[in-house]
Structures are given as structure tokens and as C-alpha cells.
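Colleague: Take a look and give me a structure for this.
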Amino acid sequence: MRDTVPTRYWHAVDGGRVQCDLCPRACTLSDGQRGLCFVRMNQDGAVVLTTWGRSSGFCVDPIEKKPLSHFYPGSAVLSFGTAGCNLTCRFCQNWDISRSRQMDRVADLARPEHIAAAAKQHGCRSVAYTYNDPVIFHEYAVDVAEACREAGIKSVAVTAGYVSPAPREEFYSHMDAANVDLKGFSDEFYRQLCAAELEAVKDTLRYIAHETKVWLEITTLLIPGQNDSDAELDAMTQWIAAELGAHVPLHFTAFHPDWKMTDIPHTPVSTLKRARAIALRNGLQHVYTGNVRDLEGARTACSSCGTALIERDGFELTLWKLDVEGCCRKCGQPLAGVFDPEPGSWGNRRLAVEIGRRT
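Modeller: Numbers count the residues shown, from 1 in each chain. Below you'll find the model as predicted:
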């Protein structure tokens with residue numbers, strides 16, 4: 001098992017330093033210095049990845065947990081991540097992984113072919129690169145995705161979309177679906193709470209929607225008083241409809257106090273429902289609520305006749321009215337997404353999986 005692997009997205013700068021070109025942060029690094037993501041480092045005048053083959057753990061989840069509602073509904077997905085992140089979100093819900101600075105936190109050593117084999121063994125339709133952003137472990141994610149493709153397993157990126165154009169093109173050529181975390185819709189929100197830039201994320205969303213075959217869904221964590229105003233939600237959902245397409249599913253999820261924002265209360269269900277109403281009014285066809293029990297906000301309806309096509313209680317499918325071609329049984333309208341002839345039956349289960357060996 002390799003401790004580090006070489007990377008391609010960097011260039012040399014003055015003074016013996018190198019600049020990482022993976023994401024818009026463009027960290028300039030002296031020898032031995034790590035980028036903000038923590039996992040990409042200047043080693044002897046070149047940028048290397050320090051977490052190839054190392055994971056924070058593996059778990060079989062329902063695909064709806066990613067969340068993806070239109071990508072093989074009901075199926076099982078093998079989820080994993082590494083350490084570090086290239087954003088510094090003060091509200092991070094996975095901060096113990098994404099902000100980890102202890103390499104022993106990343107203890108599972110697994111080769112790509114072992115991950116693909118484990119996914120197949122456990123009946124998973126896909127593998128999800130999640131928990132922290134797969135952008136920062138680009139080389140490992142690409143290698144795993146190639147192994148998965150050979151085994152007939154799909155790849156799902158759960159990401160903030162903060163990546164530069166060249167690596168983005170390579171990365172998404174290996175992905176089959178993505179859920180992009182659109183954290184807010186103001187430059188101020190991104191700068192102050194994430195130390196990032198909104199426009200770079202918007203550019204990634206446009207790229208996925210119009211220049212790839214990757215199935216796209218979007219998630220926005222609604223934080224009381226930060227990104228949940230009517231004006232911001234109206235602007236965001238109008239932009240999604242106009243720039244990405246009314247068919248792109250949008251998930252509004254509830255915040256809970258965590259990391260450096262423990263003084264903000266949980267998101268009320270009423271806020272999620274208000275956001276959903278605004279999105280539907282602006283023409284989005286598939287809008288969901290998450291991290292709460294809301295049967296209406298979990299329902300998938302036909303965009304033509306309004307018939308309920310898929311209903312969910314938690315991650316359990318309770319209704320399925322698609323034909324074998326993924327169309328509404330009542331009016332024949334195709335449902336946007338990627339579907340098997342029959343729904344999956346993984347349900348609400350969560351299964352921890354050991355792959356490879358422990359450090």
C-alpha cells in the first residue's frame with residue numbers, strides 16, 4: 001500500500017515552491033508544507049496525495065441518504081471518505097472527518113479493486129465518495145471509479161463542487177451521479193462561513209448539467225438566519241431552473257448545531273416547507289426536504305399529471321408507480337433520472353463494512 005502518490009494538477013513557482021491547481025484555492029506550498037485540505041503536500045518539489053488507499057471507514061447505506069432520489073431509488077450504496085477538506089465551513093456536519101489532522105483517523109487501507117469487490121459482494125448498485133469532499137482525494141477517487149466501472153458498479157460524488165476546470169473534467173468523466181452541496185446563494189455566505197467563492201460552485205453546476213452525462217442533484221442545508229431568507233431562496237431556485245433545468249432535483253435539509261456554529265438552533269420544519277414552496281413556485285419539478293420526517297417533502301410526483309410516482313418514509317420506499325422504462329404509469333411522462341425496471345429494497349438499513357486492513 002502506497003503512503004503517497006504523485007499528482008498532476010500543480011506547477012512550480014518562484015522560490016522553490018509549488019502551486020496546487022486542483023481547486024480555486026490555489027495553495028502555494030514550500031517543501032513539506034500541506035495545503036489547506038491537509039492531504040495534498042509539497043514533497044521534494046512536487047505535489048503528492050497523502051491519503052491514497054486510506055479511508056475513514058466504509059458503510060452500506062440507502063442511496064436516498066446521499067441524498068439522491070432519482071438515481072436507482074431504493075438501492076444500496078457503499079459509502080466512504082478520507083480525511084481533510086478544501087472548504088472551512090463553520091457549520092460542517094462531518095467535521096470530525098473533514099477537519100481531521102490526525103492520519104490515524106484514516107485507518108482503513110483498501111485498494112480500489114477491493115472496494116469494487118466489496119460493493120458487488122454486498123449487492124450495492126454504486127459506490128459513493130462522501131463524508132469529506134472527493135475532490136481532494138482526486139487520484140484515489142478516479143482509481144476507485146475505474147475499478148468500479150470494470151465491475152459494473154456506478155460511482156457517486158457527494159461534493160461541494162469547489163474544483164478547478166481541468167481536474168473537474170477528468171473527475172466527472174469517471175462519475176455517474178453527483179449530489180452537489182450548494183451551501184447558500186450569496187458571495188458573503190461563501191466567503192464568511194466557508195472561505196470559498198460561490199461563482200466557482202455555480203460554474204461546476206453548469207458544467208455537470210450541460211457538459212457531462214452525470215446525473216445531478218443538489219442539496220442546500222438551511223441554516224436559520226444565514227441562508228434561509230425568502231429573497232435568497234427565490235434567487236437560488238430561479239437560477240437553478242433557468243441555468244440548470246427545472247428537472248434537476250433539489251433537497252433542502254435541516255441544520256443541527258455543530259462544529260463552530262453551536263449557538264444556532266435546529267432548522268424548523270416550517271422553514272423547509274417554505275423553501276420547498278418557493279422552489280416549486282419558481283418552476284422546479286422535484287423538491288425534497290431532508291433530516292426531518294415529512295412525507296409530502298419525500299414524495300416524487302409526475303411533472304406532467306401530478307401523480308405520486310414514488311413515496312418514501314425515511315429511506316424506505318412505500319410506493320412505486322413507474323413502468324419498466326421509468327415513466328409515469330398514468331400518463332406515460334418519463335421521470336428525469338436513472339432507474340432500474342424495479343425499485344431497490346435496501347430500505348433504512350445501515351451496514352458497517354471492513355475492507356482491506358487496519359493501520
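
Colleague: Please count neighbours and contacts with C-alpha atoms only from this point.
Modeller: OK.

Colleague: Span of stretch 217-235 from start to end?
Modeller: Separation of the first and last residues of stretch 217-235 by Cα to Cα, to the nearest Å is 18 Å.

Colleague: Mean confidence (pLDDT) on that stretch, please.
Modeller: Mean pLDDT, computed over stretch 217-235, is 98.

Colleague: try stretch 180-200
Modeller: The average of the pLDDT scores along stretch 180-200 is 97.

Colleague: Distance from that stretch to the middle of the chain?
Modeller: 15 Å (Cα atoms, centre = their mean, to the nearest Å).

Colleague: now do stretch 45-60
Modeller: For stretch 45-60, the distance to the chain centre is 17 Å (Cα atoms, centre = their mean).

Colleague: what do you get for stretch 7-21?
Modeller: How far stretch 7-21 lies from its chain's middle: 28 Å, per Cα atoms, centre = their mean.

Colleague: What are the contacting residues of it?
Modeller: Contacts of stretch 7-21 with the rest of the structure, by Cα atoms under 8 Å, 6 or more residues apart in numbering, involve 22, 26-31, 35, 42, 45-49, 139, 164, 167.

Colleague: Buried members of the residues you listed into ChimeraX, please.
Modeller: Of the contacts of stretch 7-21, the buried ones go into a single ChimeraX selection, burial set by 16 or more other Cα atoms under 10 Å:
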select :22,27,28,29,30,35,42,45,46,47,48,49,139,164,167
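
Colleague: mind pulling up the phi and psi values for Pro6?
Modeller: phi -70, psi 150 (degrees, to the nearest 10).

Colleague: Could you measure from it over to Phe252?
Modeller: 38 Å.

Colleague: Looking at the two, which is more packed in?
Modeller: In this view Pro6 and Phe252 are compared by other Cα atoms under 10 Å, and Phe252 has more residues nearby, 22 against 15.

Colleague: Run through who's touching whichever helix or strand Trp239 is part of.
Modeller: Element membership for Trp239, per DSSP states H and E: helix 230-239. Residues from elsewhere that reach helix 230-239 (Cα under 8 Å, 6+ apart): 185-186, 227, 275, 278-279, 282-284.

Colleague: How about the secondary structure of Ala279?
Modeller: helix (DSSP: H, G, I helix; E, B strand; the rest coil).

Colleague: My guess is it contacts Val287. True?
Modeller: Yes: between Ala279 and Val287 there is a contact under Cα atoms under 8 Å: 7.0 Å.

Colleague: What residues does Pro67 make contact with?
Modeller: With contacts defined as Cα under 8 Å, 6+ apart, Pro67 is in contact with 179, 219, 251.

Colleague: run the last query once more with 10 Å
Modeller: Pro67 makes contacts with 158, 178-180, 217-219, 250-251, 253, 288, 290, 315, as judged by Cα atoms under 10 Å, 6 or more residues apart in numbering.

Colleague: did I read that right, it in a helix?
Modeller: No: per three-state DSSP, Pro67 lies outside any helix segment and is coil.

Colleague: if I pick Trp215, what's in contact with it?
Modeller: With Cα under 10 Å, 6+ apart, Trp215 has these contacts: 68, 70-71, 156, 175-179, 208-209, 248-249, 336-338.

Colleague: From Ser173, how far off is it?
Modeller: The gap separating Trp215 from Ser173 is 12 Å, by Cα to Cα.

Colleague: Tell me which entries of the contacts of stretch 7-21 lie within strands.
Modeller: Judged by DSSP state E, strands contain the following of the contacts of stretch 7-21: 28-29, 42, 46-49.

Colleague: Identify the contacts common to Ala279 and Val287.
Modeller: Common contacts of Ala279 and Val287 (Cα under 10 Å, 6+ apart): 250, 252, 273.

Colleague: ok, these vs Ala301, which is closest?
Modeller: Using Cα to Cα, Leu250 comes nearest to Ala301 of the shared contacts of Ala279 and Val287, at 13.6 Å.

Colleague: Cross-check the contact I'm expecting between that closest one and Leu284.
Modeller: Yes: using Cα atoms under 10 Å, Leu250 makes contact with Leu284 at a distance of 8.0 Å.

Colleague: neighbour-wise, which of those two wins?
Modeller: Counted by other Cα under 10 Å, Leu250 and Leu284 do not tie: Leu250 has more neighbours, with 29 against 23.

Colleague: show me what contacts the more buried one?
Modeller: 67-69, 179-182, 216-220, 237, 240, 276, 279, 284-289.

Colleague: could you redo the last one with a cut-off of 8 Å?
Modeller: Applying Cα under 8 Å, 6+ apart, the residues near Leu250 are 217-220, 286-288.

Colleague: Check Asn227 too.
Modeller: 184-185, 189, 233.

Colleague: These into TSV, with extra columns for distance to Arg17, secondary structure and neighbour count?
Modeller: Formatted as TSV, the contacts of Asn227 follow (distance: Cα to Cα, whole Å; DSSP: H, G, I helix; E, B strand; the rest coil; neighbours: other Cα atoms under 10 Å):
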residue	distance to Arg17	secondary structure	neighbour count
Gly184	34	coil	22
Phe185	35	coil	22
Phe189	31	helix	17
Leu233	42	helix	21
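
Colleague: okay, now Arg293: neighbour count?
Modeller: Residues within reach of Arg293, counting by other Cα under 10 Å, total 13.

Colleague: Just say helix, strand or coil for it.
Modeller: Recorded secondary structure, Arg293: coil (three-state DSSP).

Colleague: do you know how far it is from Glu342?
Modeller: With Cα to Cα as the criterion, Arg293 and Glu342 are 25 Å apart.

Colleague: Ala160 reaches Leu182, doesn't it?
Modeller: Yes: in this structure, Ala160 is within contact of Leu182 by Cα under 8 Å, at 6.7 Å.
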